[in-house]
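> sequence-free structure coming up:
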């Protein structure tokens, strides 16, 4: 039996309903589900395990791993709800409940997350057209920085979004989603597309590098950047610390 999942994306909290058998083969679906859910920058994510059975205890550690990943980017808390008796016992045996909060039902999970602040969000759908999407993406970033009084980050954010959008247009050639979010202590810029191909960091003299730079500028300017697969493709993200600029980014690929 396979593991299926559906996301109820009503912000501020996204609920991911899992159903089926969790085993070594289906565990990657949990990571994919969480990555897809956090791409929308919800305040938090709840994984509903009411319809999940586990092949063994070891596979339950995937919940600890995906919670750490979501904490690294975008800093989104993830909790579990409604585990069956055997799954709940397995979570305790593997000490997963020490690193991930487990609630007995969905109502309690949502109630506990009621006070988690939702990040500010600017979203824009774009096409694979450099002449249209590049200026539109920069305008979105400028509007976000103005709204959040982050003028000292505007120039860096414009450069970052230009490279991220250019990379998506050149290599993915699909519809693009741009999300600018304020989740202290970082400004987040993320670009989704419908290609599963991972971005490649190339040298400046590579013939495939966009404008001779490619993702090199993202690496240099971002506090941290990386990418994740999603159900429909991937998300490439970059974070800028709200402090005065600190050049020399660290990729998290």
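Perfect, thanks for sending it. Source: prediction; values computed, not measured.
> and stretch 2-11, how far out from the chain's middle?
In this view, stretch 2-11 has its centroid 15 Å away from the chain centroid, taken as C-alpha atoms, centre = their mean, to the nearest Å.
> what mean pLDDT does that stretch have?
For stretch 2-11, mean pLDDT rounds to 90.
> Next, residue 155: secondary structure please.
Three-state assignment for residue 155 (DSSP: H, G, I helix; E, B strand; the rest coil): helix.
> Give the buried residues for the helix or strand hosting residue 67.
Here residue 67, judged by DSSP states H and E, is contained in helix 62-72. For helix 62-72, a neighbour-count test (16 or more other C-beta atoms under 10 Å) marks 62-67, 69-70 as buried. Yep, even glycine has a C-beta here, placed from its N, CA and C like the rest.
> In the chain, where's the longest helix?
Determined from DSSP state H, the single longest helix within the chain is helix 130-147.
> Packing partners of that helix?
Secondary-structure packing of helix 130-147 (3 or more C-beta pairs under 8 Å, 6 or more residues apart in numbering; DSSP states H and E): strand 120-126, helix 154-167, strand 176-183, strand 186-193.
> in that helix, what counts as buried?
For helix 130-147, the neighbour count (16+ other C-beta under 10 Å) marks 133-134, 136-138, 140-142, 144-145 as buried.
> Closest one of those residues to residue 160?
For the buried residues of helix 130-147, the minimum distance to residue 160 (C-beta to C-beta) is 8.0 Å, reached by residue 141.
> Quickly run through the sheet partners of whatever helix or strand residue 52 lives in, with directions.
Assessed by DSSP H and E, residue 52 sits inside strand 44-54. With DSSP bridges as the test, strand 44-54 is paired with strand 13-22 (parallel), strand 78-81 (parallel).
> And those: which comes nearest residue 231?
Nearest to residue 231 among the strands paired with strand 44-54 is strand 13-22; the distance by C-beta to C-beta comes to 11.0 Å.
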